[in-house]
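Visitor: dropping the sequence and predicted coords here.
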Amino acid sequence: MKRFLLDTNMLLGFTRKAPWAQWAYDEFELGEAENMAFTSAICRGEILALAEKFGWGPRKRIELVHVLNQFTTVDINKDSILNAYAAIDVWTHGKEVTDPQFPPPPKPAVRMKQNDLWIAATTLASKATLLTTDKDFDHLDGVCLSRVWVDQANTP
């Protein structure tokens, strides 16, 4: 079974019915019963905020709810996620982490936005692969989590 955490930009792509999002859905078999595709409560909050900022009307919001209802939302109030958050936050600030899966920290430190820290922590604790269209998680790929970058411009 493959496990995928969908970043906010993936949810946005599904809502907009973007060709690259459909490609990712098919490529990673997100609708297949043997795979798990889910998102974080943080991503859900981010996309709801985007709907407000973009002034989406009722039709677009119905589509958003339809997309969100396709995927389980993982609550972040779990010890495994809270501990992963602490480890990633400390490590990206250039400090050693007692968790043996973390190598020596990056120099210079790589600061992350708070929401991205929570998304990364949820991915790590869920033992999932993060599907995203941004580069904010590149420094964590292969260190403590697996990240697949979906290129919006160059997908078949």
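Guide: Looks like it arrived, so ask away.
Visitor: buried sites along stretch 79-94?
Guide: Using 16 or more other CB atoms under 10 Å as the test for burial, stretch 79-94 gives Ile81, Ala84, Tyr85, Ala87, Ile88, Asp89, Val90, Trp91, Thr92. Quick note: C-beta positions are derived from backbone N, CA and C, even for glycine.
Visitor: could you list which of these belong to helices?
Guide: Ile81, Ala84, Tyr85, Ala87, Ile88, Asp89, Val90, Trp91, Thr92 (DSSP state H).
Visitor: surely the fifth one meets Cys144?
Guide: Yes: with contact taken as CB atoms under 8 Å, Ile88 and Cys144 are classed as touching, separated by 6.6 Å.
Visitor: could you name every residue contacting both of those two?
Guide: Ala120, Leu124 (CB atoms under 8 Å, 6 or more residues apart in numbering).
Visitor: who's in contact with the closest residue in space to Gly13 that isn't next to it in sequence?
Guide: Distances taken as CB to CB, 6 or more residues apart in numbering place Ala21 nearest to Gly13, at 3.0 Å, with adjacent residues excluded. Ala21 is in contact with Met10, Gly13, Phe14, Val150, counting by CB under 8 Å, 6+ apart.
Visitor: mind picking the two most distant members of those?
Guide: Spatial extent of these (CB to CB) is set by the pair Phe14 and Val150 at 11.5 Å.
Visitor: so where's this protein shaky on pLDDT?
Guide: 156 (pLDDT under 70).
Visitor: show me where it has strands.
Guide: 3-6, 36-40, 72-74, 129-132, 146-149 (DSSP state E).
Visitor: circling back to that earlier point, which one of the buried residues of stretch 79-94 sits closest to Ala41?
Guide: Ile81 (9.7 Å).
Visitor: who's in contact with the closest residue to the closest one other than its chain neighbours?
Guide: Excluding the flanking residues, the one nearest Ile81 by CB to CB, 6+ apart is Ala125, at 4.4 Å. The contact partners of Ala125, by CB under 8 Å, 6+ apart, come to Lys78, Ser80, Ile81, Asn83, Ala84.
Visitor: at 10 Å what do you get?
Guide: By CB atoms under 10 Å, 6 or more residues apart in numbering, Ala125 lies in contact with 5, 74, 76, 78-85, 87, 145.
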